[in-house]
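> Here is the input, now give the coordinates:
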Amino acid sequence: MKQLTNMNVQVVSDKQAGGQAGFKVFEQALANGAKVLGLATGSTPVTIYEQLVASDLDFSQLTSVNLDEYVGLTADHPQSYHYFMQQHLFNAKPFANSYVPDGTNADAAAETKRYDAIIKENPIDLQLLGLGQNGHIGFNEPGTDPESTTHKVALTESTIAANARFFDNADEVPRFAYSMGVGSILKAKQILIVAYGEAKAAAVAAMIQGPVTPDVPASYLQTHPNVTVILDEAAASQLD
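Coordinates of the predicted model:
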């Protein structure tokens, strides 16, 4: 893969400022005619969603495609990513079509094939990403094939342990997820990745300044021609 490393890096004061900066990226994408938005879950994008909800932007003619979903959780489960999106964005800003992997489909081959078809039918104009401390994007952990499409992922023990606090007992914590692959993500016309906090600083430096390697899945963003990175000062602290 050709290394481009022409990322647009923006350093902001805090998550609120990051939300405002991220909103501007969405606003400009819509002004440029974006029809399909790739969306992410977790704490990182929440301030962007708050800005989108508070805005007068209209998504009623647009399509959303989410990165991932836990296997085994129903759409109305409070810890499902489908539920997260309803609470943080879709209830206030409905889309014409919103796609999230079906965590209740036990047939991984069928579900991943179905989701790949959705992505192919709805090419993503702007993909929003968070960044894991180990450099993962979506549920693409270190070692993931950069050509990968939607796949079933066995969650790492650290991820399972981190999620345990959200469930009544450890047996309820999902062990697998469906995730867009690195290859799927890189097909988006534009990518926005956001990271906050000192715990993300090493991953940020590896993503932007390190070699392009499967050991840091986010490093493959260096090969994409249109990437915006929004960081707070702590997350940017290890950059040259």
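
> Spit out the contact partners of residue 50.
19, 88 (CB atoms under 8 Å, 6 or more residues apart in numbering). C-beta here means a position set from N, CA and C on the backbone, and glycine is covered the same way.

> pull the longest helix from this protein.
When the chain is scanned for its longest helix (criterion: DSSP state H), the result is helix 15-31.

> Okay, and residue 113 sits in which element?
Per DSSP states H and E, residue 113 falls inside helix 108-121.

> hang on, residue 148 packs against residue 140?
Yes: counting by CB atoms under 8 Å, residue 140 is a contact partner of residue 148 at 6.9 Å.

> Residues touching stretch 104-119, excluding its own?
65, 71-75, 99, 101-102, 149-152, 178, 180, 184, 187.

> thinking again about what came up before, following element in sequence after the longest helix of the chain, please.
Following helix 15-31 in sequence, per DSSP H and E, is strand 36-39.

> What's the mean pLDDT across that next one?
Strand 36-39 shows an average pLDDT of 98 in the prediction.

> ok, now stretch 9-23?
97.

> buried sites along it?
10, 11, 12, 15, 18, 19, 21, 22, 23 (16 or more other CB atoms under 10 Å).

> What of stretch 103-116?
Neighbour count says stretch 103-116 has 103, 105, 111, 112, 114, 115, 116 buried, by 16+ other CB under 10 Å.

> low-confidence ranges in the protein?
Within the chain, the stretches with pLDDT under 70 are 1-5.

> Could you rerun that using 80?
Residue ranges of the chain with pLDDT under 80: 1-6, 158-159, 162.

> Tell me where it has strands.
8-12, 36-39, 63-66, 68-70, 97-99, 126-130, 151-154, 176-179, 190-195, 227-232 (DSSP state E).

> Which residue is the nearest non-sequential neighbour of residue 71?
residue 176 (4.0 Å; CB to CB, 6 or more residues apart in numbering).

> Residue 175 - how many residues pack around it?
Number of residues near residue 175 (other CB atoms under 10 Å) recorded here: 13.

> which residue sits closest to it in space, ignoring its chain neighbours?
Nearest to residue 175 is residue 155, by CB to CB, 6+ apart, at 5.8 Å.

> wait, isn't that neighbour in contact with residue 174?
Yes: between residue 155 and residue 174 there is a contact at 6.7 Å, judged by CB under 8 Å.

> Need the overlap of contacts for those two.
By CB under 8 Å, 6+ apart, the residues touching both residue 155 and residue 174 are residue 163.

> where's residue 120 relative to residue 176, distance?
Separation of residue 120 from residue 176 (CB to CB, to the nearest Å): 23 Å.
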